[in-house]
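Chemist: when you get a sec, could you give me coordinates for this:
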Amino acid sequence: MSSTVQTPQPYVSGLTPAGPNIVNVIRSEWTKIWSVRSTMWTLLIGFVLTVGLGALICWGTEANYSHLHPADKATLDPTSISLAGLVFGQLALAVFGVLFISSEYSTGGIRTTLTAVPQRVRLLTAKAIVLLVISLVVGMVSSFVAFFIGQAFLSRVGIEAHLGDPDVMRAVIGGGLYLMASAMFGFALGALLRHSAAGISLAIALLLVVPPLTNLLPGDWGHWIEKYFTSNAGQQITSVLPQGDALSPWAGYAVFTLWWLVILVIAGALMSRRDA
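Modeler: Just a heads-up that it's a prediction; the model follows:
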C-alpha cells in the first residue's frame, strides 16, 4: 500500500515585514470609522445644513422675488442659491475630517494603531482614502438633494435651473466635490496639529471667518490673496454665472485641492518623524 504525503501549504496573510498591506489597512479604517457613533451624526448634520439652509434661502428668494429690483433679478444664479447651504455644510465635513484622525491622538488610541500599522505614511494614506470616499458620497447626495429641493421653490416664480442648462451639472457635481475637499482640508489640519480643538478652530477660521476678510487687504497683493484663499477659490466650482475676475471654476477647485494636499504632505512628513 502506498501513501501520499500532503505538503502543508503556507498561510498567506496581509502582513508584511512593514505591517499589513494597504488594502487591509483601508478595511480596518473603514470598520473603525463606522463603529463611532459621532460619524453618522456629523455626516447627518452636514447633510441637513447643506440641504436645509439651501431650501430656506430658496424659499426666501421665492417669497421676495416680486420685490427685487430688475437689475438684481437679472443677476440671480438659481443654482448657486440652492447650493448656498454649502457655506455651513463645509464646516460639518471639515470637523468630520479633523476628528477622523485627531480623536485617536486625543484618546491615545493612535499608539495601538501605529503598533498594528508601523508604516505611518501607509496609515495616513488609508485614512485619507476612506475619508475621501465617504465624504464624496455624502457630498454628492447633499448637493443634488439641495439642488432639486431649491429648484422646486424657485420654479414657483419661473427662475428655476435644470441640470441640462449650461454649466449647471458641473456646478452641482462641484458642490459635492467641494464638500469632499472640505473634509480633506479638515483631515489635513487634524493630521498636522494632532489636536481636535485646534484643528477644528483653524478649519473654521480658514474656511469661514478669514476668507470674507481678505477683500479688505489693500493693493494687488491683497486682491491676489483674496482670489487664491481656500474657500474663495474652491467655491468657484459651484458658480454658473461669471464672478468678475475670480478664478475659473476648475482652476479655483484645483487651488483649493492644492491647499489641502500641501498640508497633508507636510503632515505626513512630520508624522514619520514625530512620536505618537
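
Chemist: so which elements touch the host helix or strand of Ala191?
Modeler: Per DSSP states H and E: Ala191 is located in helix 168-193. Under the contact definition 3 or more C-beta pairs under 8 Å, 6 or more residues apart in numbering; DSSP states H and E, helix 168-193 sits against helix 37-64, helix 78-82, helix 86-107, helix 120-154, helix 196-204, helix 230-234, helix 249-271. (C-beta placed from N, C-alpha, C; glycine too.)

Chemist: roughly how far is it from the heart of the chain?
Modeler: From the chain centre to the centre of helix 168-193 is a distance of 2 Å (C-alpha atoms, centre = their mean, to the nearest Å).

Chemist: so what's the residue count around Trp221?
Modeler: 9 (other C-beta atoms under 10 Å).

Chemist: next one: Thr214
Modeler: With other C-beta under 10 Å as criterion, Thr214 counts 17.

Chemist: same thing with the one 10 residues further on?
Modeler: A total of 12 residues lie near Trp224 under the criterion other C-beta under 10 Å.

Chemist: that one: which element?
Modeler: helix 219-228.

Chemist: for that helix, buried residues please.
Modeler: The neighbour-count check on helix 219-228 (16 or more other C-beta atoms under 10 Å) flags 226-228 as buried.

Chemist: and it with helix 249-271, angle?
Modeler: 80 degrees (axes from the mean of the first three to the mean of the last three C-alpha atoms, to 10 degrees).

Chemist: find the nearest non-adjacent residue to Ala84, please.
Modeler: Excluding the flanking residues, the one nearest Ala84 by C-beta to C-beta, 6 or more residues apart in numbering is Ile57, at 4.6 Å.

Chemist: so the one you found touches Gly85, yeah?
Modeler: Yes: counting by C-beta atoms under 8 Å, Ile57 does reach Gly85; the two are 7.4 Å apart.

Chemist: and these two? Which one has more around it.
Modeler: Shown here are Ile57 and Gly85; by other C-beta under 10 Å, Gly85 has more neighbours (27 against 19).

Chemist: now do the contacts for that one.
Modeler: By C-beta atoms under 8 Å, 6 or more residues apart in numbering, the contact list for Gly85 reads 49-55, 57, 146.

Chemist: change it to 6 Å
Modeler: 49-50, 53-54, 146 (C-beta atoms under 6 Å, 6 or more residues apart in numbering).

Chemist: list phi and psi for it.
Modeler: Per-residue torsions, Gly85: phi -70, psi -10 (degrees, to the nearest 10).

Chemist: what's the burial count for the residue nearest to Pro166 when sequence neighbours are not counted?
Modeler: In space, Pro166 comes closest to Val240 once its chain neighbours are excluded; the distance is 7.6 Å by C-beta to C-beta, 6+ apart. A total of 20 residues lie near Val240 under the criterion other C-beta under 10 Å.

Chemist: could you look up the SS state of Val240?
Modeler: coil (DSSP: H, G, I helix; E, B strand; the rest coil).

Chemist: phi, psi of it?
Modeler: phi -100, psi -40.

Chemist: circling back: need the contacts of Gly85 in TSV with pLDDT, can you?
Modeler: TSV is the format used below for those (pLDDT from 0 to 100):
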residue	pLDDT
Leu49	96
Thr50	97
Leu53	96
Gly54	96
Ala146	97
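
Chemist: show me the two of those residues that sit farthest apart.
Modeler: Leu49 and Ala146 (9.7 Å; C-beta to C-beta).

Chemist: which one's more surrounded, those two?
Modeler: Between Leu49 and Ala146, counted using other C-beta under 10 Å, the more crowded position is Ala146 (28 against 21).
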